[in-house]
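>>> A predicted structure for the sequence below; I have some questions about it.
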Amino acid sequence: MTEATKIASQASSSDPKVGLRAVAALRRLVEQLETLQVTNARDLGWSWQEIARELNVSKQAVHKKHAGRRFLPGR
Amino acid sequence: MFEHFTERARGAVVFAQEEALDLHHHHIDTEHLLLGLLRESTSVGHKALDRLGVRLDDVRSEVVRVVGEGHPVTLDEEDARALRIIGIDLDEVRRRVEETFGEGALDRIASARRRRGRRRACGPTVGSMPFTSRAKKVLELALRESKALRHDYIGTEHILLGLVREREGLAAGMLAERHVSDERVRTVVSELLSGN
C-alpha cells in the first residue's frame, strides 16, 4: 500500500459513516456465507446438531433460522 | 390449495407475500397474512378488521418492532468500498467462495434459497415464497371454517377467523391484544355479510 492510499484509508476509516456501512455490509456477508455453508452442510448430510456445534450456537437457534427456509415440514 | 379461494382471498395472500418481501423476510408467516388482509381493502376480512379497529400502519409497525426487518441480500459497490477500508476484499471473498461453490454462488444465494424452497417445500407456496407451519395452520383453519359454515369458497373472512383461532402466531397475539376475539369477528362478519 502506498503512503497516499494508506492516508486515504486511514482518513475514511475514521469516518463513522463508512465504518458503520462496513459493519452492516459485513453482517450481510456473514448471513450469505452462513446460508451457503449451512445449505452445503445439510446437502452433505450433516445434522442440525453438528452444524450448531461448529457455528457455536444452539441447535434450536440454527434450526429455527435455517430449517423452515428450505426443509419445510411435510403436511 | 388455493383453488377454492375467492379472488380477494388470493389477493390477500399475494399482498402477504409482498409484505414479507418488503420486510426482507423469507417466509409468509401469520403476521404477513394479517397485513395481507389489511391491504385487500374491499374484502370482508378487511372491513371486519376495520370495524374492530385494527389498522394497517399500526400492525405493520408492530411487526417491524417485534420481528425486525431482514437484511437486503445483495452487496453493492459502496458496501465493497466500505469493506475494503476495514481490510476485507469482497472480490477476493467472492472469488474464493466461487472456487468452492461455483460461479456466482454468493450472489445467487437469495435465488437459490427460493429454488430450494420450491423444490422441497411440501406445503403450498405463493410464487417462490414458502409459508411457515403456523401460516399453513391458519389456511387449514380457514378451510375448516368455510366447511363448518357450509360455504363453497374460502374468503378473507375465513382467513381472518383462521388467524384468530390459530392462537400461537404473532397475528393471533396482535389480534388478541386488540380484543379481536373469535366471537367478535363472527358477529361483525355476519353483520357485513347480511349487509349491515
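Arrived safely, thanks for sending. Numbering: from 1, shown residues only, chains lettered A, B, ... in the order given.
>>> Look up the pLDDT of B:G162 for me, please.
Note on B:G162: pLDDT of 97.
>>> How about the host helix or strand of it and chain A, any contact?
Under the criterion of DSSP states H and E, B:G162 resides in helix B:156-166. No: shown here: helix B:156-166 not in contact with chain A (Cβ under 8 Å from any Cβ of the partner chain), separated by at least 15.4 Å. From N, CA and C alone the C-beta is placed, and that goes for glycine too.
>>> Packing partners of that helix?
When contacts are defined as 3 or more Cβ pairs under 8 Å, 6 or more residues apart in numbering or on different chains; DSSP states H and E, helix B:156-166 packs onto helix B:7-22, helix B:30-39, helix B:44-51, helix B:133-148, helix B:170-177, helix B:182-193.
>>> what about it, distance to the chain center?
Here the centre of helix B:156-166 is set off from its chain's centre by 14 Å, with Cα atoms, centre = their mean, to the nearest Å.
>>> for the record, mean pLDDT for stretch B:100-110?
The average of the pLDDT scores along stretch B:100-110 is 74.
>>> Next, count neighbours for A:T35.
21 (other Cβ atoms under 10 Å in any protein chain shown).
>>> Export the helix or strand where A:Q60 lies to PDB, keeping only CA atoms.
In this assignment (DSSP H and E), A:Q60 forms part of helix A:59-70. Only the C-alpha atoms of helix A:59-70 are listed here, as PDB (Å, rounded to 0.1, in the frame of the first residue of the first chain):
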ATOM      1  CA  LYS A  59     -29.300 -26.500  17.800                       C
ATOM      2  CA  GLN A  60     -32.600 -24.700  18.300                       C
ATOM      3  CA  ALA A  61     -31.200 -21.400  17.000                       C
ATOM      4  CA  VAL A  62     -29.700 -22.900  13.900                       C
ATOM      5  CA  HIS A  63     -32.800 -25.000  13.200                       C
ATOM      6  CA  LYS A  64     -35.200 -22.100  13.700                       C
ATOM      7  CA  LYS A  65     -33.200 -19.900  11.400                       C
ATOM      8  CA  HIS A  66     -32.400 -22.300   8.600                       C
ATOM      9  CA  ALA A  67     -34.800 -25.200   8.800                       C
ATOM     10  CA  GLY A  68     -38.100 -23.700   7.700                       C
ATOM     11  CA  ARG A  69     -36.300 -21.900   4.900                       C
ATOM     12  CA  ARG A  70     -35.500 -25.000   3.000                       C
END
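>>> circling back: and the helix holding B:G162 with helix B:44-51, angle?
For helix B:156-166 against helix B:44-51, the angle between stretch directions is 60 degrees (axes from the mean of the first three to the mean of the last three Cα atoms, to 10 degrees).
>>> buried ones in helix B:156-166?
For helix B:156-166, burial by neighbour count (16 or more other Cβ atoms under 10 Å in any protein chain shown) applies to B:156-166.
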